[in-house]
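Engineer: Okay, here's the prediction I keep looking at, along with the sequence it came from:
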Amino acid sequence: MQISHRAPFARGYTPLVERRGAEADMLMDFGILMLDVGTVWKDRSPADERAWVLSAGSVHLSWDGGEATVSRPDRFDHDPWCLSVSAGCAVEIRAAEDSEICRLATEIHHAIDRTGAA
């Protein structure tokens, strides 16, 4: 499958694959989140496991139990940063500069043991 998007991405979230759309066989949502400097984006999902990959820019990430400020000047010469969280975890992304972030989400169908028991 090839996914194309010719125009520049608009500010905010642009879905490219939707698990209940034409690409339902992928079992995930995938899109691009474009944030202007100072913009805050919040996400919490009771059923979705989610991941964000910083393509370019600088953001401050905070989630249940942690926070980090990460930067990636460009996607070709610098390593990516990824935040992956389980369902129910609240996430806030604050753009320290104009930033592009890939967002992935998939529904989980089993309970997660958050007690730390093996």
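Structural biologist: Received, thanks.
Engineer: Does anything pack onto the lengthiest strand in the chain? Which helices or strands?
Structural biologist: Ranked by residue count and defined by DSSP state E, the top strand of the chain is strand 48-63. Other helices and strands packing on strand 48-63, by 3 or more C-beta pairs under 8 Å, 6 or more residues apart in numbering; DSSP states H and E, are strand 29-35, strand 66-72, strand 81-85, strand 91-95, strand 99-107. All C-beta spots, glycine's among them, are computed from the backbone N, C-alpha and C.
Engineer: Buried residues of the last one, list them for me.
Structural biologist: Going by neighbour count (16 or more other C-beta atoms under 10 Å), the buried part of strand 99-107 is 99-106.
Engineer: Make CSV out of these and add pLDDT and distance to residue 51.
Structural biologist: Listed next are the buried residues of strand 99-107 as CSV, based on pLDDT from 0 to 100; distance: C-beta to C-beta, whole Å:
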residue, pLDDT, distance to residue 51
99, 97, 16
100, 95, 15
101, 96, 10
102, 94, 8
103, 95, 8
104, 95, 5
105, 94, 8
106, 92, 9
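Engineer: List just the nearest of these to residue 8.
Structural biologist: Checking these against residue 8 with C-beta to C-beta, the nearest one is residue 100 at 10.3 Å.
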